[in-house]
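Enquirer: Model the structure of this input:
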Amino acid sequence: MPKYFLFLAFLISCTGISQNAIAIKGKICDSKSQLPLEAATVYLSSSADSTVIDYTITDKKGAFLMNTRKITKPFFLKVSYVGYQTYKQQLSFLSDNIDFGVITLVENSNTLGEVVVKSEVPPIRIKKDTLEFNASSFKVRPDSNVQTLLKQLPGVEISEDGKITVNGKEVNQVLVNGQPFFDKDGKIALQSLPSEIINKVQITDTKTKKEELTKSAASSNNASINLTIDEEKNKGLFGKFMGGYGTDDRYESSALVNYFKKKRKISILASSNNINATGFSMDEVFDNMGGGRNENVYINNDGSYGIGNLRFGGGKGIIRSNMVGLNYADQWLKNFDTSGNYFFTNATGENQNRTKWVKLLPAGNQTTISNNTTSEESFGHNLNFNFEYKVDSTATFVMTTKFSEANTKNKGVSSESTADDSNQLLNDNASQVSDNSDKTNFSNTINFNKTFARKGRYVNVMFENINANEDVGGLNKSVTRFYQNSDADDVRDQIRKNRNNKDSYATEIEFAEPIKDSLNLRLGVYARWEKVSEDQKTYDFDTVLDSYTAVNDPQTNFFSSTMKLITPKSGFTIQKSKFNFDFSVGTTISQMDNYSRYLGTSTVLNRTYIFPYMTTYGSYRFSKSKSLRLSYEYLAGFPSALQLLPIENLADPLNTFVGNQNLKIDDGHNANVGYNNYDYATRSGYTIYAGGSYYNTQRVTATLFDSSGKRTTSYDNVSGTYETYGGFHWNKSIKKEAHTFRIMIGLNSALSKSKGFTNSKLFEANSVELKPRVNFNYDYGELLTINPSYSLTYNESKYTNYTVRSASNVLHKFNIQTTNYWPKNWVFGNDFGYSYNSNIVDGFKKDFYLWNSSLAYSFFNKKFTAKVKVYDVLNQNQSATRTITPNAIRDEENVVLKRYAMFSLTYKIERFAGKEKPSEKRFMMY
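Expert: Residues are numbered from 1 along each chain as shown. Modelled structure (predicted):
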């Protein structure tokens, strides 16, 4: 019932706004041609201090309509359009509707460079391929971070897991003055940089380095954000230091110091905590609590955690982490830009896992119940560097180098048992394992581009290498007992030594020749050489020698795979003002030489593959705010050497893997379509998208179960499988004086058909997923924020050739965040969430509440902030999940962080151009 009152209140509020608003309208045209100017920015600003009051954007007919509030003091009506002089008209007040008729703009005499008076920068500009926001035009609280600023921009949405979308396009790159800030993913920049230093937010389609250098249209459907630093703030020292201690010996500490001086930027980041956080958030309310969702950190399926593309190790359960990072960017010489970062990471994780796993079979299912206690400690070094040198106006050289080194130690004690449908015990297992792994990875990507006098003619050369090594040593003590056949019990007391190597070298050369101004022909060739090897040795415990020296031949093997691949290709590109189209076609020829040595037998298996290469993508822009995008790609996937070679992998006593030398490559097609429409005049828009992959041939597993539940897994090919997705997203913003409403409605869906073999019978799984979601946000000036959201995830799979015909699950998630900024210098925040998992099996709790609360007080001109926070106030947090796959249903529970209270103290430093930060407010727009 409360949700209906909330929706009714929203409708009443919207109605009240439309009734009290004052309408300003008109039409913007070119002074000479009298043609309408689409996407001109029309805005109102105060005559006293140039503060932006309201704004809108013209449509394709040049018309604008702005619903604003009553204005009692003098103000300006201004119109800005790239390449034209800014139009300005002063008015004494605004109390009634006004029709300005036709307003003409005069083209600048010099359009090579746009000179704009700072006080007249419009809130938003739409250029050819760039959407630009003026940060000072959007109201955020003092001391807010960049992520808070982005949430205020029209068309920008940030989900609870930190994913950013702009007009429906997912953001996969965030830069600061054109350079990465620790990582291109941008999570650290969004969470740690204060919004007040940002001058502009520029949004473009994400391009590869090759597309940037050749000035080609973007091939991806992702967006890139570039944050430009205010010139006055681009020289100074700023950062924060924080430390906190709480109940149950919970602690957190972090430090971030930034030194900016024009092109040179140096940042140092450090943190230490035992609350599953990376520790650098500048969120003044929830910082590293994140409502249990923690936008700063993600947990991988393998248990590691990280930020963006940076992995920090650790595991599921309770993570204690330490981190030190350095980011550097500078221009060493003229036209020679450099940037890089270094991270040292250390993480220790402890977890207890409980799982119920139902394996679907044609003639009766098997259920495995397991309990695991694990601990893991990891140390890592990550170094990245980027060099870009503009040799001259026609040639550019770019080199990106990455190096990583990691050591991981883990220990585990586990027990599991498997029974059939009649609850008859098939097998059980008890094990104690410990592993120690060392990994190194070194890679380079080099790109050289040379353009010529004729526009569109260029030569592009790319080279990349990847060199990776891993050494793994482990101790395994296990006992596996079989109850339904004559198989002897499997007792192991052994050590394993594995060495894995990968060396890959690739190059591509492409030449483009313009046929017309908008048409380019391309010729190119791509080549790659790659070698992968794995040397596995197993030694059993020798009771006579009292050491691990007895070679276990069935569990000792060596294999290597060498691939030589070449793809000659050609294509063309059409680039017009509204239409872009790219088509490439070729033939891939690959030679794959596989070798194995196992049980005294050497096997050589060579394969030659020839298949087509084809990619195409295109886009059409109906107007500045409406666009359509299409793409297609031929899919081909190679089997690995282990999937082909006749090696028995006996590492798991309950599952033996063996290759299939007759396995074919994947053969399929992928297509995508998307339509975007965002109207900046009404601050509303929507996105519709769909896509999927269809496989004529696909590699799948083929599993045989014996009478005691032991599996033998090989590989085979099937046809007629597919994976599709589709959905839509709609959002709208409404502003009325101090009231701001934002609503978002979306739907994600997926439909797939999977196939495989179980006990020599072909099975099919037809799966569907629906995920509707709604998010509503209300701001009352700088005093109050209310943000409720709800999502539902429905999964259903229907099976053939199984005793189970179908399986389904429904997950409900409701969350509401409230933040109160009154009285002055006080911040009181609450984050309340409820999750309900409908079909999780008995023995696992279906639902839980998660309530986080914090109270903060700032003093000494907000240099210090004292905070008390309570995580999981009701002490109900849990991690119980259900996963439905084509051949299994898995219910799982892991240890999670439970209730704690913590007191913390934060100190901020901000000195720009040698001056302390002024105390007055900067962002004033309502």
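
Enquirer: How far does stretch 634-647 stretch from one end to the other?
Expert: End-to-end distance for stretch 634-647: 31 Å, by C-alpha to C-alpha, to the nearest Å.

Enquirer: Which positions within that stretch qualify as buried?
Expert: Residues Tyr634, Leu635, Ala636, Phe638, Pro639, Ser640, Ala641, Leu642, Gln643, Leu644, Leu645, Ile647 are the ones in stretch 634-647 that count as buried (16 or more other C-beta atoms under 10 Å). C-beta: built from backbone N, CA, C; applies to glycine.

Enquirer: taking those one by one, which sit in strands?
Expert: The strands, defined by DSSP state E, take in Tyr634, Leu635, Ala636 from the buried residues of stretch 634-647.

Enquirer: In CSV: those, plus distance to Thr86.
Expert: Shown next, in CSV, are those (distance: C-beta to C-beta, whole Å):
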residue, distance to Thr86
Tyr634, 50
Leu635, 51
Ala636, 54
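
Enquirer: Tell me the one of these nearest Trp851?
Expert: Leu635 (46.0 Å; C-beta to C-beta).

Enquirer: Surely that closest one is in contact with Ala671?
Expert: No: the criterion here is C-beta atoms under 8 Å, and Leu635 misses it with Ala671 at 10.4 Å.

Enquirer: Now do the contacts for Met614.
Expert: Neighbouring residues of Met614 by C-beta atoms under 8 Å, 6 or more residues apart in numbering: Ser584, Val585, Gly586, Tyr632, Glu633, Tyr634.

Enquirer: Show the end-to-end separation of stretch 654-673, please.
Expert: Stretch 654-673 has an end-to-end distance of 44 Å (criterion: C-alpha to C-alpha).

Enquirer: Mind listing what's buried along it?
Expert: By 16+ other C-beta under 10 Å, the buried positions in stretch 654-673 come out as 654, 656-660, 663, 665-668, 670, 672.

Enquirer: try stretch 247-256
Expert: Buried residues in stretch 247-256, counted by 16+ other C-beta under 10 Å: Arg250, Tyr251, Glu252, Ser253, Ser254, Ala255, Leu256.

Enquirer: now the end-to-end length of it.
Expert: 25 Å.

Enquirer: Residues in contact with that stretch: which ones?
Expert: So stretch 247-256 is in contact with 192, 239-245, 267-275, 277, 279-280, 282, 288, 900-902, 904, going by C-beta under 8 Å, 6+ apart.

Enquirer: Stretch 775-791 now?
Expert: Contacts with stretch 775-791, where a contact means C-beta under 8 Å, 6+ apart, come from 3, 6, 10, 139, 141, 157, 160, 738-744, 771-774, 812-822, 926.

Enquirer: I'd like to know which of these are buried.
Expert: 139, 141, 157, 160, 740-744, 771, 773-774, 813-821, 926.

Enquirer: So the residue of the chain positioned farthest from its centre: helix, strand or coil?
Expert: When distances are taken from the C-alpha mean of the chain, Val544 lies farthest, 54.6 Å away, according to C-alpha atoms, centre = their mean. What DSSP: H, G, I helix; E, B strand; the rest coil gives for Val544 is coil.

Enquirer: Please report how far it lies from Ala550.
Expert: Val544 is 9 Å from Ala550, where distance means C-beta to C-beta, to the nearest Å.

Enquirer: for the closest residue to Gln424 other than its chain neighbours, what are its contacts?
Expert: Among residues not flanking Gln424 along the chain, Gln484 sits closest, at 7.4 Å (C-beta to C-beta, 6 or more residues apart in numbering). Going by C-beta under 8 Å, 6+ apart, Gln484 touches Gln424, Leu426, Ser707, Ser708, Gly709.

Enquirer: between those residues, which is closest to Leu792?
Expert: Of all the contacts of Gln484, Leu792 sits closest to Gly709, with 35.9 Å by C-beta to C-beta.

Enquirer: Quick check: closest non-adjacent residue to that closest one.
Expert: Leu426 (3.7 Å).

Enquirer: Report the buried residues of the helix or strand that Ala468 is a member of.
Expert: Here Ala468 sits within strand 458-482, counting by DSSP states H and E. Neighbour counts using 16+ other C-beta under 10 Å place 458-462, 464, 466, 468, 470-472, 474-476, 478-482 of strand 458-482 among the buried residues.

Enquirer: Check stretch 593-600 too.
Expert: Here stretch 593-600 shows Asp593, Asn594, Tyr595, Ser596, Arg597, Tyr598 as buried, counting by 16+ other C-beta under 10 Å.

Enquirer: and the second one, how far is that from Gly524?
Expert: Here the criterion is C-beta to C-beta. By it, Asn594 lies 29 Å from Gly524.

Enquirer: my guess is Phe611 contacts Ala636, does it?
Expert: Yes: counting by C-beta under 8 Å, Ala636 is a contact partner of Phe611 at 5.0 Å.

Enquirer: Return every residue with contacts to both of those two.
Expert: Counting by C-beta under 8 Å, 6+ apart, the residues touching both Phe611 and Ala636 are Thr588, Ile665, Asp667.

Enquirer: What does the second one show for phi and psi?
Expert: This means Ile665. Dihedral pair for Ile665: phi -80, psi 160, per degrees, to the nearest 10.

Enquirer: now the strands for the stretch 451-600 of the chain?
Expert: Secondary structure of the stretch 451-600 of the chain by DSSP state E, counting those that start in this stretch: the strands cover 458-482, 490-514, 519-542, 547-551, 557-575, 579-598.
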